[in-house]
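*Asks:* sequence first, then the predicted structure, then my questions.
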Amino acid sequence: ASTSPSVPVGSEKQQQAAATPSEVSFDTSTPNPNTGKAIGIVVPEMPRGTVFHLRLTYKSLPETTALSWVAAEQTAGKAKPFLYSLCQMNFCRDWAPMMDTPSQKITYNASVTAPNGFLVIMSGNKTGEMTYNDTWTTTTFECALRI
């Protein structure tokens, strides 16, 4: 995890803070096995009221309950498998580090890398696409609406 503290707009330090993210320490625990693991993040000391951004980089596990595959032979074209997410109830917390409750709504940015030829779609707006070595494509998304 990394943080990038924000300072008042127009300040000389604003650009420096945004350009120099810092690593922070974290740990995980399981306070309640029915709701998943908790992540504790220690942020550096900063003046009260300071706004900062926190970026988490993570990978989901294959056994997540929120992501499911449909085999290629079960799809209309019978050529490629289909991955879909089902984030009803509180399943989102099973594949993304978030408080998945009705009172905690979020915006997000996401990058998904998939083999070329696969169509990647999310609830956010597509903001970019970059192909690597004629093999993989990374598609980026932004959802500014709190969901």
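*Replies:* That came in fine, so what should we check first?

*Asks:* how about the nearest residue to residue 79, chain neighbours excluded?
*Replies:* Nearest residue to residue 79, sequence neighbours excluded (C-beta to C-beta, 6 or more residues apart in numbering): residue 72, at 6.0 Å. C-beta: built from backbone N, CA, C; applies to glycine.

*Asks:* same deal with residue 90?
*Replies:* In space, residue 90 is closest to residue 100, 4.5 Å off (C-beta to C-beta, 6+ apart).

*Asks:* got it, and residue 70?
*Replies:* residue 82 (4.2 Å).

*Asks:* separation between the one you found and residue 55?
*Replies:* 29 Å (C-beta to C-beta, to the nearest Å).

*Asks:* compare neighbour counts for those two and give me the winner.
*Replies:* Neighbours per residue (other C-beta atoms under 10 Å) separate residue 82 from residue 55, with residue 82 holding more: 15 against 10.

*Asks:* right, and that one touches residue 69 too?
*Replies:* Yes. Contact criterion C-beta atoms under 8 Å: residue 82 and residue 69 qualify, at 7.0 Å.

*Asks:* run a quick neighbour tally on residue 48.
*Replies:* Neighbour count for residue 48, taken as other C-beta under 10 Å: 4.
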